[in-house]
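> I would like to see how this sequence folds:
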Amino acid sequence: MPRKSRILALGLALAAVVAAGTFTFIHNSPAAHAGGTGGGCISTTGAPVCTVKGNSAFAEYESFTDCVGTQAFVNVSDQVSHNPPAASNTSLGVFAGVSQFDFCAGTPIKDLFGQSSDATFTVNGSLDAATLVASIPVTDFDSGATGTLTVNLTFQGFGPISQQIDSNHFRTAGFLLNSHINGDSRAARASGTLSDGVTNFAASPTAFADLAANKGGTLLISH
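Numbering: from 1, shown residues only. The predicted structure follows:
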């Protein structure tokens, strides 16, 4: 994959994982845990029930100036999982990346990526709006240099809310698995700051952004 598109592909893949993987729950399944971000929903108590709910947001920016193409993204997800009788567990994760490529010279300029839980993420109303404030340590894939991306974004949802409902039921001798997922998503615009201390990569309009809310759970009975 060309260097200039690696960061964007990673960002879109993370967004897809959050939308589809984070809230797909297989009770007590390490494979399901590895497939999502922010911890997933895995029972540590031996109880048959696992529930999870949360919100996420994604924004991507693109620009092209004087031979230099820039792609930047930020992706945030929070979730609350519950495995009775244990207390609920809250997790928050933010991923961000910036890729710059000089098309005239045919050389990469920067290829930053990082993740952090040092963030404040708030969603208001029915995916009407959200705010994200974060500080994300990043590494340049090309040079190995390290730095920090500072994020202060406001998301404004617009248009209709799309809903996805998925229920699965599996039964065999001595085993029953019921799972249910309910997810809402809405297109958005994200404005503010996504900066490496020199350039605000969120100064251009969002190429794509959305807000999402998900909840669901799993019941597993083995006898």
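
> any idea how far G174 is from Q100?
G174 sits at a distance of 56 Å from Q100 (criterion: C-beta to C-beta, to the nearest Å). Using the backbone N, CA and C atoms, a C-beta is placed for each residue, glycine as well.

> could you do L219 as well?
As for L219, its distance to Q100 is 48 Å (criterion: C-beta to C-beta).

> and the two? which has more neighbours close in?
Q100 (20 against 17; other C-beta atoms under 10 Å).

> longest strand of the protein?
When the chain is scanned for its longest strand (criterion: DSSP state E), the result is strand 175-195.

> H180 and D166 touch, don't they?
Yes. Contact criterion C-beta atoms under 8 Å: H180 and D166 qualify, at 7.3 Å.

> check what pLDDT L14 gets.
pLDDT, L14: 44.

> backbone dihedrals for F201, please?
The phi and psi torsions at F201 (degrees, to the nearest 10) take the values phi -80, psi -10.

> what distance do you get for the nearest residue to it once chain neighbours are set aside to A105?
Excluding the flanking residues, the one nearest F201 by C-beta to C-beta, 6 or more residues apart in numbering is A72, at 3.8 Å. If you measure A72 against A105 using C-beta to C-beta, the figure is 20 Å.

> same thing with G69?
When G69 is compared with A105 (using C-beta to C-beta), they lie 12 Å apart.

> of those two, who's got more company?
Legend: neighbour count by other C-beta under 10 Å for G69 and A105, higher for G69 (16 against 10).

> so what's that one bridging to?
Residues found in beta-bridge contact with G69 (criterion: DSSP bridges) are F64, F101.

> and what of the one 10 residues further on?
In this structure, Q79 has the following beta-bridge partners (DSSP bridges): G54, S91.

> what's the local residue count around it?
Q79 is flanked by 25 other residues according to other C-beta under 10 Å.

> start the count at 19 instead of 1 going forward.
Happy to do that; since the first residue is 19 now, the last one works out to Q97.

> where's the spatially most distant residue from the centre of the chain relative to A148, distance?
With distances taken from the mean C-alpha point of the chain and given as C-alpha atoms, centre = their mean, the most distant residue is A191, at 37.4 Å. Relative to A148, A191 is positioned 46 Å away (criterion: C-beta to C-beta).

> before we move on, what about V116?
21 Å.

> ok, now T166?
For T166, the distance to A148 (C-beta to C-beta) stands at 22 Å.

> the more surrounded of the two?
Applying other C-beta under 10 Å to T166 and A148 shows that A148 carries more neighbours, namely 23 against 15.

> buried ones in stretch 102-120, by neighbour count?
Judged by neighbour count (16 or more other C-beta atoms under 10 Å), stretch 102-120 contains these buried residues: S109, L110, G111, V112, F113, A114, G115, V116, S117, Q118, F119.

> centre of the chain to that stretch, how far?
What separates the centre of stretch 102-120 from the centre of its chain is 6 Å, taken as C-alpha atoms, centre = their mean, to the nearest Å.

> what's the answer for stretch 224-232, then?
Per C-alpha atoms, centre = their mean, the centroid offset for stretch 224-232 relative to its chain is 10 Å.

> neighbouring contacts of that stretch?
Judged by C-beta atoms under 8 Å, 6 or more residues apart in numbering, the contacts made with stretch 224-232 from elsewhere in the structure are 33, 36-37, 40-41, 70-80, 97, 141, 145, 148, 173, 175, 199-209.

> avg pLDDT for it?
Here the mean pLDDT over stretch 224-232 is 94, rounded to a whole number.
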